[in-house]
Each structure stands twice: as structure tokens, then as C-alpha cells.
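Novice: task: produce atomic coordinates for the following.
(2 chains)
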Amino acid sequence: MPGSDATSCGILRVVAGAEQTEIGTGVQGMSDVRTGVYVCHCGSNIAEKVDCARVREFASELKNVVVARDYQYMCSEPGQELIRQDVEKNGINRVVVASCSPRMHEPTFRKTLETAGLNGYLLEMANIREHCSWVTTDREAATEKAAALVAGAVARVAFHEPLEERFADLKQRLLVVGGGIAGIEAALKVAAGGYQVTLVEKEPSIGGNMARLDKTFPTLDCSACILTPKMVAVAQSENVTLYTYAEVEKVEGYVGNFQVTIRQKARSVDTSKCTGCGVCYGKCPTRVPSEFDAGLGTRKAIYVPFPQAVPNKPVIDREHCLQFTKGKCGVCARFCPTGAIDYEQGDQLITEEFGAIIIATGYETWDPAAAPQWGYGRYDNVLTAMQLERLVNAAGPTKGKIQLQDGSTPEAVAILHCIGSRDENYHRYCSRFCCMSSLKLAHLAREKTGAEVYNFYIDLRAFGKGYEEFYNRVQEEGVHFIRGKGAEVIRKDGRLAVRAEDTLLGRYREVPVDMVVLNTAAVPRRDSEKVGQVFGIQPSPDGFFLEAHVKLEPLKTATDGIYIAGCCQGPKDIPDSVAQGAGAASEVLSLFAAGKVKISPVVATVDSQLCSGCRVCLPLCPYSAISYDEVNRTAYVNEATCKGCGTCVASCPSGALSVRHFTDEEIIAQIKEVLAV
Amino acid sequence: MMAAFEPKIVGILCNWCSYAGADLAGISRTKYPANIRIIRVMCSGRVDPTFVLQAFAEGADGVLVSGCHPGDCHYQEGNYKTYARAEILEQLLEQMGIEKGRFRLTWVSANEGEIFASLVSEMVEEVRALGPFRPTRERFAELQATIGREVAPAAGAGGEGND
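Specialist: A predicted model of the protein is given here:
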């Protein structure tokens, strides 16, 4: 195995094994530039398609190159040692590593240079893996392309200058967006570390989807019993400021120093006076379908979404309240014993500064009304899994009784898995928790009604701790499992029937039932695109938020200081959401404990000798980092707020603006050389 | 016999979306022609239109500039500036007689590896059909004047026509 050999052997053997071309002298042009080129095989990942020895030979002929080597794994310790030795022995002062994407290993090799006593910015990487060997079929073409990329990097690195990273102060305050279980967990962990946390929740209460569940799989412990203590802990923590019925409107700044504008929507209730006695919603004459009960029950126009809500303070739904729609009623204000009702209350904008942000905005379930074949919205007694969840819940609209529309108890219940998930017509991904929640609902339905319960499934994914055991238990309880996706729900003989192909029996089946439960896909929240734009984070192809690296950085985003946790990143069960909330908290605690934040030295600069003071650049900067110096009549760049995008540079008519590490000379030299091969 | 014409295309990609999208094409082992040479900038807004002209002057047969989708820019709105500049640049290229298919501005996100690969394949075929970019003497002088820099004529440049 070349891989294990390369990483385990000693330096002596490695240097002996590394093919090399040393030139020593003969440097042309800029006499002080001495470049070392390192072509990585990446095991066979690169070497299979790129003739690394030929690329090395080619590189050795390039201008300023004093040493060129190729080696199995440049990122391994012996690989890095090659660079360090060349700095020491061959006096190289520029390094080109031709290997994987700089998005992967640029930090690694910068560190290598630093340990060798060179500035980390004297490095350039040629991406001959992701952009070359992995995407090319022809070995000859791949080798030529790799050579071109190396030539571009060698030309560019000659212009690199040593740059010093700067440190900025960091606000040790965290913003958590979303008060479901993942956000609550993150807030509690960081607050316990002694830092200030602000938790913003869009709904009138924290708790999220978990607050709507009855029991949780596989232990069947009551969801409220494990969640509500955490909700109360958040509300009572000295270190947590809670904004419910509020949304983040604007985010500016960067890691360590975010300026965030939060819109506190008008509750129409003065929370400082309200005692949560509940007289107002007792008296309110207007009934509205309850979102919390998935439309099964009703709430009032002034309401708390559920009895254990945190905070236990009502809001007025102005779309339905008669005082707002008709201009008369005023019942709640008349009966409120503390005079807390405030119809005049307006939205409030709050601006706060934070060092880091955790986004935990969760998921919602897909609306199966979009697919008429399953009968939802067409036939009575076709429910979503969340609706059955509310029926089973003792605090739900039927006080925990599973009943049909006419109040009777069902004798047969069908639970359809994968409705809208694993389906090319709707969502291709697996929603992960629905197999297990279907098993749980099957258990509860059988336990509470004694009904025959039929699960229609494609595959059963019982992957977690104790899940397979739970699956066995539910089978032993006499629940039926039919391997075949529920294809259609019809009405027949006054009942419902599910049609499916039983793939184990190899035949078509039609199973008569009284109730059909559709376990629908977990989908990104409908406003997730807007949330992504406010925070500057991107979606994955499935619409959930994209992590920095799917395996190694699952909680970071492409934006430093902004983390994601829970179902906003993809469907997850409760244990995984809690783990991610705690994990994101640990990212933040590391950041805060360091106390300072590293700021990239890649920023724009102005040559005041060349600047004519035309001010074309000023309005282009999204960070207002450029100002006009009235005394010198030139543009001035604030390095602390400049992010180094270079948009201003491309607009400067006199060539006075430049951006470090991405100067015109560097880019043009690179363009020229990649084309020369 | 001359070897079949293999166009050279320079791709200038933003770090956050399109470069990452190209990385994803690699990670997913999606194959596309080797004719493109990718250069990384932090934002597509960094792309000075003269980079594009320079690339043509240095012998590129096509130039691709790619950034984040509108609304997704890592720097809020750099890609809108790129878009505005590209409109003018396209007019300029047209006036100089540079065929439309030789320059493209696209939006490719970090999750669009397959889209990036098919985009490159498509562009390579389009440029291949257009043939080598060989500016005439007049066009070359014009290019030079526009860039305002001394550039060495690319191989095959300076002829009397597009032969």
C-alpha cells in the first residue's frame, strides 16, 4: 500500500523515495524569487490520470523554479517535511503545491510554510485533483492540463508578498435563531459557559416541532416531559435573552462582530404587565384553526399556542382579531385584569452585536394536498402523521383520543411511509425519522384503539440506538407490515382503502381501513430561502442549508462565525438534533474562549499617488469600507471592514485600487501562463 | 496533418460558489473536457473586464466567468456588478467582432457540480465549432488599445483574415 507506506515511514526514506529535479542556480528574471514546486500523487487519485513525473520535469524548466519534486502524499508529515527541508537547504522563498483544491488544504500548507520560517501567503496551490484528475478521462489531456495549472501557479506565486494576519476583537455574545430543540440546546450550552446568548424565535413560543409530539421513539418517553424543562431553563437563564414572535431582519459585519437587526413583531400585549392568567383567550369570541394542532382544533384570535408555552404570554393574531378587522370588540382589553392588552403596539426594531450566530430554524412537513392520489383534503379520515401526533397527545384537540371524523374509534388504520420522500416526483431524499415515527404511531394507535394497523413501507430504516429493537417490539405487538409503497387511497364501501403492490408477495393488494395516516416528507421551511439570503448562507440541492464540509465541518457554513444545527441542515431525529445543537455550541465556545478573531489580510489598498479621487468605488462597496479622504482627496479603505472581494478594484479607472493576494499582475500572469501550455 | 483543434478556455471563478461547484464536479467524478483552465478569484466582482480581453489577447479561444447566483453572493452584491459590467463587455466584444459564444457569464452554486460540468462541455463544443480565435491585425490593435498594455501577439495572430 503506497498510502500507508508514505505516511508511516521516516524522513530519510521519504526523501530517498521522492523523485526530484534540482536546478540550483540559473534563476532568470526576478533574482530574489526562488520557487519550489511539489506535485502530489494523492495516492492514485492524481497519479492515475496525471503523469506526475512529467509535470515535475515540466515545472523544473519554469521561470524562478529552483526545485521541483513529486511525492505520494504532500499533506502527510513527510511530504510537508520536503518543503521545510527545501526552505532550509535550497533557500526557496515561494512554494507551489500542485495537489487538491486550496479549499481543502491551503490552511495546511500555509502552516507548513510558517513552521519553515516562511510567510504562509508565499504559497500558491494548483488544483490538479478536483479540477483535473477527477474530471478528465484522457491521461494525456489531464497531464497537459495539470502542467498548465502548475505554470499558472508558478507565474502567480512570484508576485505573492508576505502578509500578516490581523486580529480583531470579538463580541462574546451568541445569537441563536430558532427555538426548537437544537436551538434550545445550543443556547443552554453556551449560556452555561458564562456567555450572553440571545435566542430569537419566529413563533409566539419556543419549543418547535418537538413540542407538538406526544411520545418519542424508541423509548416512548413523553416529549413534553423532556422538552419543557429545557424550555423553562432557557427562559430562566440569566445569560439568555429571549425574543419570541420575532425575526432577524438584517445581518451585517463578520465573524466576531455581527450587527443584527431583530424585528420584534407586535404582540399587542404588554408582556411586562401580563401575568399569563388566560382570561383574555377564555373570553375571546373568535375561533381560528390551530396551527399548532395541524389544523385539527381551534384557537382564539388572542392565544398562546399550547398550554406549556414559553413565554406563557398571549399574542393577538391581527389577521383574525375583530378589533383589527372590524374595528370593534375589545373584549380581551375589557376583561384583562392588569390592563396588558395594547392594540396600538407597533413592531419594534432591535439592533444588537454578536460574535457568532447559530441557525437552527428547523423544518416543516410537506403538504400532501399537492398529490391527490393519497386523498388528503379529499376524503375524511386521511390525516398527516403530525395530525395523528396531535390526536394522540393528551393535550391535543381530542384529549388523546384517536377518533374518526364522526367520533367513532377506527378498527383499521393504515400508515403510509415515504409520502413525498424517496420519490422522484416530490423529494428524492430520505426524511430519516419517518420510519421510526411511523413505528411509534403504529404502536400508539394499536395500544389506544386495539385497531389493526398496517404499515406500507419501501424499506424500514431502523438505524439508531435501540431502533431495531423497537421495530421488533412493534412487530411482536401484531402490527402488520406490507412491503410496498402506498400508491393510492380510494373510497370503497363507505370506508377507505389503500392500494399497493406487496413486493414480498409479488401481488397487488387493496386493504380496507377506516383511517389513513400519511407520513409526509420533512422539507425546508417555506421561508428558508429568505433566511439564507439574510445570513448569506447557501442551500444544498435538497433546499436544506449547506454545511462547509459534509463530513468534517457539518456545523459550519461557508461564512465564518455562522453555524447550523438541527433539521435546517437536513432531516434528523431528536438525538441527532440535540447532538448538533451541542456541537454548534462547542464551536462557538472555542471561538469565544480564544477571545480574538483572525482577520484575513486579503483586503483592498489604495495607491494615493494614483488615485484621482473620482469616487467611483465608494458606492460599490457593500460594507461601506471605502470613504473619501477630504484632505488628501483620495479614496481610503478601512481594512477592518473590507472583506477583500475586489469588486472596487475592478472598477478603478486609474488602477489605484488593488487587492492583496489577488492583484492585477498576479491574475494576468496566471492567465498568460495557463494559456502558454 | 494538423491535430484536431482543441480550444483553450480560461475560467475565472469566484471562490465561494463556482469554484466550489467545480470542486464538487471533481468530488463527484463528473467528467468534462480538459480544455478549461480555472483561475480562482474571491468574487466574480473582482473580474476586471480587461482580464477577459487579456485572455483573448494571450490566446484563449473562450473565456468563462462564473459567480454565485443572484441573491447568493458571499459579498452581498458583487455578482450584480459583474452582471452589469458583462453587459457592456459583451457589446464591446461584439463590436470587435469576437463571436458571442466565446465569452460567457454564468452563475454556478457550490452544489451545482453537474451543472458546471455540463456547462463546460457545452461551451467547449460551442467554441470548437467556432474554431480557433485568430484576431486580425485590426482587431488585435484594437484589443491592445483597449487593454492599454503591451501584449505579445498570440500564435497565429496578426494574419490578414480568419483563415
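Novice: neighbours of residue 89, how many?
Specialist: Since you didn't name a chain, this refers to chain A. Here the number of neighbours of residue A:89 (other C-beta atoms under 10 Å in any protein chain shown) works out to 10. Every C-beta, even on glycine, is put in place using the N, C-alpha and C of the backbone.
Novice: oops, chain B please
Specialist: That count, for residue B:89 with other C-beta under 10 Å as the rule, works out to 20.
Novice: residues in contact with residue A:206?
Specialist: A:179-180, A:183-184, A:199, A:231, A:234-235, A:242, A:244, A:310 (C-beta atoms under 8 Å, 6 or more residues apart in numbering or on different chains).
Novice: in a strand, that's where residue A:350 is, yeah?
Specialist: Yes: counting by DSSP: H, G, I helix; E, B strand; the rest coil, residue A:350 is found in a strand.
Novice: how about it: which residues does it bridge to?
Specialist: Judged by DSSP bridges, the bridge partners of residue A:350 are residue A:262.
Novice: just to revisit the earlier point, farthest pair in the contacts of residue A:206?
Specialist: With C-beta to C-beta as the measure, no two of those lie farther apart than A:180 and A:235, at 14.8 Å.
Novice: okay, the two: which has more neighbours?
Specialist: A count of neighbours by other C-beta under 10 Å puts residue A:180 above the other of residue A:180 and residue A:235, at 27 against 15.
Novice: and the pLDDT at the nearest residue to that one once chain neighbours are set aside?
Specialist: Using C-beta to C-beta, 6 or more residues apart in numbering or on different chains and skipping residues adjacent in sequence, the residue nearest residue A:180 is residue A:208, 2.4 Å away. According to the prediction, residue A:208 has pLDDT 97.
Novice: ok, now which ones touch residue A:208?
Specialist: A:178-181, A:183-184, A:362.
Novice: looking at those, which are in helices?
Specialist: A:181, A:183-184 (DSSP state H).
Novice: residue 40: neighbour count?
Specialist: Here I'm looking at chain A. 28.
Novice: oops, wrong one, chain B.
Specialist: By other C-beta under 10 Å, neighbour count at residue B:40 equals 22.
Novice: what is the subsequent helix or strand relative to the host helix or strand of it?
Specialist: If you go by DSSP states H and E, residue B:40 is part of strand B:36-41. Sequence-wise, the next helix or strand downstream of strand B:36-41 (DSSP H and E) is helix B:49-57.
Novice: nearest spatial neighbour of the closest residue to chain B within the stretch 451-600 of chain A, chain-adjacent residues omitted?
Specialist: Residue nearest to chain B within the stretch 451-600 of chain A: residue A:541 (4.8 Å; C-beta to the nearest C-beta). In this structure, residue A:541 finds its nearest non-sequential neighbour in residue B:111, 4.8 Å apart by C-beta to C-beta, 6+ apart.
Novice: kindly report the same for residue B:146.
Specialist: Residue B:146's closest residue in space is residue B:53 (C-beta to C-beta, 6+ apart), at 5.8 Å.
Novice: tell me which element the residue of the stretch 151-300 of chain A found nearest chain B falls in.
Specialist: The stretch 151-300 of chain A approaches chain B most closely through residue A:152 (6.7 Å), counting by C-beta to the nearest C-beta. For residue A:152, the element it lies in under DSSP H and E is helix A:139-157.
Novice: the inter-axis angle of that helix versus strand B:36-41?
Specialist: 30 degrees (axes from the mean of the first three to the mean of the last three C-alpha atoms, to 10 degrees).
Novice: where do the domain boundaries of chain A fall?
Specialist: Per automatic domain parsing, the structural domains of chain A span A:17-163+A:665-676, A:171-213+A:221-264+A:349-357+A:540-596, A:266-346, A:364-523, A:600-660.
Novice: so which residues of the stretch 251-400 of chain A form strands?
Specialist: Taking DSSP state E, counting those that start in this stretch as the test, the strands found in the stretch 251-400 of chain A are A:257-264, A:287-289, A:298-300, A:302-303, A:315-316, A:348-354, A:356-359, A:363-365, A:382-384.
Novice: how about those strands, which one is nearest residue A:132?
Specialist: Of all the strands of the stretch 251-400 of chain A, strand A:356-359 comes closest under C-beta to C-beta, at 34.9 Å.
Novice: what does that closest one rub up against?
Specialist: A:174-178, A:183, A:186, A:251, A:255-256, A:258, A:260, A:531, A:535, A:537, A:545, A:557, A:561-565, A:568, A:581, A:584-585, A:587-588, A:591-592.
Novice: quick one: strands adjacent to it?
Specialist: Assessed with DSSP bridges, strand A:356-359 is paired to strand A:173-177 (parallel), strand A:562-564 (parallel).
Novice: and the pLDDT at residue A:623?
Specialist: 83.
Novice: any weak-confidence spans in chain B?
Specialist: Scanning chain B for pLDDT under 70 picks out the ranges B:1-3, B:136-137, B:148-163.
Novice: residue nearest the centroid of it?
Specialist: Nearest to the geometric centre of chain B sits residue B:63, at 1.3 Å (C-alpha atoms, centre = their mean).
Novice: who's that one bridged to?
Specialist: residue B:10, residue B:103.
Novice: quick one: secondary structure of residue B:69?
Specialist: coil.
Novice: before we move on, back to that, number of nearby residues for the residue of the stretch 451-600 of chain A closest to chain B?
Specialist: 15.
Novice: just confirm it is within a strand.
Specialist: No: the assignment for residue A:541, made by three-state DSSP, is coil rather than a strand.
Novice: can you count the residues close to the residue lying closest to residue A:136 once chain neighbours are set aside?
Specialist: Spatial nearest neighbour of residue A:136, chain neighbours left out: residue A:142 (3.9 Å); criterion: C-beta to C-beta, 6+ apart. Around residue A:142 there are 23 other residues, counting by other C-beta under 10 Å.
Novice: just the pLDDT for residue A:549.
Specialist: For residue A:549, the predicted pLDDT is 82.
Novice: quick one, phi/psi of the nearest residue to it once chain neighbours are set aside?
Specialist: Among residues not flanking residue A:549 along the chain, residue A:556 sits closest, at 7.6 Å (C-beta to C-beta, 6+ apart). Residue A:556 adopts backbone torsions of phi -90, psi 160, taken as degrees, to the nearest 10.
Novice: partner residues bridging residue A:556?
Specialist: So, taking DSSP bridges as the rule, residue A:556 has residue A:563 as bridge partners.
Novice: which residues of chain B fall in strands?
Specialist: Using DSSP state E, the strands of chain B run over B:9-14, B:36-41, B:62-67, B:103-107.
Novice: what's the angle from the third one to strand B:9-14?
Specialist: If I follow you right, that is strand B:62-67. Going by the same axes, to 10 degrees, strand B:62-67 makes 10 degrees with strand B:9-14.
Novice: residue B:104: how many residues sit nearby?
Specialist: With other C-beta under 10 Å as criterion, residue B:104 counts 21.
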